[in-house]
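*Asks:* Just to be clear, the model below is a prediction. Sequence and coordinates:
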Amino acid sequence: MMENNVIEIKNLSVYQGSNLVLNNVNVNVKKGEFLYLIGKTGSGKSSLLKMLYAEIPVKSGSIAIAGSELKGIKEKDIPFVRRKLGIVFQDFQLLYDRTVNDNLIFVMQATGWKDKQEIKVRCEEVLSKVGLINKGVKMPHELSGGEQQRVAIARALVNNPEVILADEPTGNLDPETSEGIVQLLKDLTQTGCSIVMATHDFMVFKKFPARIIKCEGGEIIDSAVVVKEP
């Protein structure tokens, strides 16, 4: 990978089942970059995101993310790649039978954290980053939708990821709360973390302009690529 790129996608084919939905995808994402991934339902947006976190295998072309090549990756190596990634979903995917702290601890222990004091300190650090420093003892149902999504972002941050992949993170939130979540994600790029955010929310584009990768008509349209007139 080039030194400044945290994601390099080359000549990638994206399939939904056996159907080719995106062809010849070439995209680089720099360290600390924020970009939107957009496209209609069925355009390949979600499938591309799933390929980035190795949920769907790479068949043709290549993806390198956070220093790992995903084509031909062995099943046992996928968890090691995901430790360098944070993944945030539209529906939060929190564990509702345990506290905010225990949601974070569950992920940390699953990814190899053992020292209880280090775990405690890291929980406080990530909750502070997302503005929930005093919410660790709360149960998820005691929090608002926006706060639950902030917990999901805190969970994504515990392993200090190089990339956060956010799949419609504002999809279940009101406009004001959505703005707070996008601002939080944009702020995280100041630490060098790259953010790829899939969204349908056009109001967010206007409020927080950034590079846009659009899935349309079987190909990628990249707003960073300027087509010059002949």
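*Replies:* All right, it came through fine.

*Asks:* can you give me the helices in the protein?
*Replies:* Assigned by DSSP state H, the helices in the chain fall at 45-52, 78-82, 100-110, 116-129, 145-157, 175-188, 202-207.

*Asks:* can you pull the contacts of the spatially most central residue of the chain?
*Replies:* Nearest to the mean C-alpha position of the chain, by C-alpha atoms, centre = their mean, lies Leu165 at 1.0 Å. Leu165 makes contact with 49, 52-53, 85-88, 196, 198, according to C-beta atoms under 8 Å, 6 or more residues apart in numbering. Every C-beta, even on glycine, is put in place using the N, C-alpha and C of the backbone.

*Asks:* what does Arg211 give?
*Replies:* 33-36, 222-224.

*Asks:* so which of the residues you listed would you say is closest to Val151?
*Replies:* Phe34 (21.0 Å; C-beta to C-beta).

*Asks:* Pull the contacting residues for that closest one.
*Replies:* Applying C-beta under 8 Å, 6+ apart, the residues near Phe34 are 185-186, 189, 194-195, 197, 210-211.

*Asks:* What residues are bridge-paired with it?
*Replies:* Ile195 (DSSP bridges).

*Asks:* how near is it to Leu127?
*Replies:* From Phe34 across to Leu127, the span is 22 Å (C-beta to C-beta, to the nearest Å).

*Asks:* how about the lowest-mean-pLDDT helix or strand in the chain as PDB, C-alpha atoms only?
*Replies:* Least confident helix or strand, the chain: helix 202-207 with a mean of 88, by mean pLDDT, DSSP states H and E. Extracted as PDB, the C-alpha positions of helix 202-207 are listed here (Å, rounded to 0.1, in the frame of the first residue of the first chain):
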ATOM      1  CA  PHE A 202     -28.800  14.600   1.700                       C
ATOM      2  CA  MET A 203     -29.100  17.200   4.500                       C
ATOM      3  CA  VAL A 204     -25.900  15.800   6.000                       C
ATOM      4  CA  PHE A 205     -24.000  16.400   2.700                       C
ATOM      5  CA  LYS A 206     -25.000  20.000   2.700                       C
ATOM      6  CA  LYS A 207     -24.200  20.600   6.300                       C
END
